[in-house]
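I need the structure of the sequence given here:
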Amino acid sequence: AVLMGGAPTSPAELLYRVPVATLVWMACTALSILVLVRLLAIGLRPGSHPVHSRQAWQAWATGRLMSMARVWLFPLYASMATPVWLRALGMRVGRDVELSTVLALPSMTSVGDGAFLADDTMVAPYELDAGRLRVGHVRIGKRAFLGNSGMTAPGRKVPKDGLVAVLSAAPKKAKAGSSYLGMPPVELRRTTEEADRSRTYDPPAR
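Residues are numbered from 1 along each chain as shown. Next up is the predicted model:
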């Protein structure tokens with residue numbers, strides 16, 4: 001009420017002002033995060049950088065902002081708004097992609113058509129080792145699946161029609177249609193079969 005300029009005169013006015021103030025705050029927060037993440041992506045390149053370098057700071061700051069966004073802007077996640085939000089942040093996201101509470105470096109991430117990224121997935125997170133910070137591009141292939149708390153490290157990919165299971169990591173190399181479980185990842189035997197797309201990726205309006 002103070003933020004809106006004075007105490008409300010009735011409970012009804014308070015009930016009106018609180019949602020409006022919340023929406024205004026969320027819009028300002030989203031705009032601030034969007035602008036900062038976009039600015040931090042300028043000049044950020046794949047590779048190994050000293051931890052006290054400009055590029056390492058950019059990657060670290062972007063990670064912190066993306067983590068805060070999942071908390072402060074939670075309604076934007078695990079919804080139809082998620083692909084739009086992540087595209088605005090600089091992530092390349094294809095058509096008919098389902099994204100949940102993804103934590104990623106947007107400028108380093110590409111997601112193919114029909115892919116599914118489940119809860120708490122980590123995509124292109126930076127790696128620290130011996131005073132160096134490494135970042136790299138990550139590709140999630142078409143119709144690929146990255147399970148809950150799954151991770152795709154810098155420079156790795158989930159192949160087309162591939163699967164990385166719950167609490168698992170993407171391998172260094174993987175062929176289309178392959179599946180992996182665990183950390184380090186172990187390939188699973190799985191036969192990929194063609195199915196009626198109207199019952200999977202292209203459901204009719206009815």
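
All the helices of this protein, in order from the start?
11-40, 54-72, 82-88 (DSSP state H).

Of all these, which one is nearest Val135?
In terms of CB to CB, the element of the helices of the chain nearest to Val135 is helix 54-72, at 5.0 Å. Where C-beta positions appear, they are placed from N, C-alpha and C, glycine not excepted.

Geometric centre of the protein: which residue is closest?
Most central in the chain under CA atoms, centre = their mean is Val102, positioned 3.2 Å from the mean C-alpha point.

you'd agree that one is up against Leu117?
Yes - with contacts counted by CB atoms under 8 Å, Val102 reaches Leu117, the gap being 5.1 Å.

Could you pull out the residues contacting both of those two?
Residues touching both Val102 and Leu117 (CB atoms under 8 Å, 6 or more residues apart in numbering): Val123.

of the helices of the chain, which approaches Tyr126 most closely?
Comparing those by CB to CB, helix 54-72 comes nearest, at 4.5 Å.

got the contact list for Thr109?
Here Thr109 is in contact with Met91, Arg92, Val123, Ala124, His137, Val138, Ile140 (criterion: CB under 8 Å, 6+ apart).

In strands, which of those residues fall?
Arg92, Val123, Val138, Ile140 (DSSP state E).

any idea how far Trp85 is from the residue nearest to the centre of the chain?
Using CB to CB, to the nearest Å, one gets 10 Å for the distance from Val102 to Trp85.

okay, and the common contacts of these two?
Tyr77.

What separation is there between Leu188 and Pro171?
In terms of CB to CB, Leu188 sits 11 Å off from Pro171.

And these two? Which one has more around it.
Pro171 (21 against 13; other CB atoms under 10 Å).

quick one: contacts for that one?
Taking CB under 8 Å, 6+ apart, one finds Arg156, Tyr180, Pro184, Pro185, Glu187 in contact with Pro171.

List the buried residues for the helix-or-strand element of the chain with minimal mean pLDDT?
Least confident helix or strand, the chain: helix 11-40 with a mean of 90, by mean pLDDT, DSSP states H and E. Going by neighbour count (16 or more other CB atoms under 10 Å), the buried part of helix 11-40 is Arg17, Ala30, Ile33, Leu34, Val37, Leu40.
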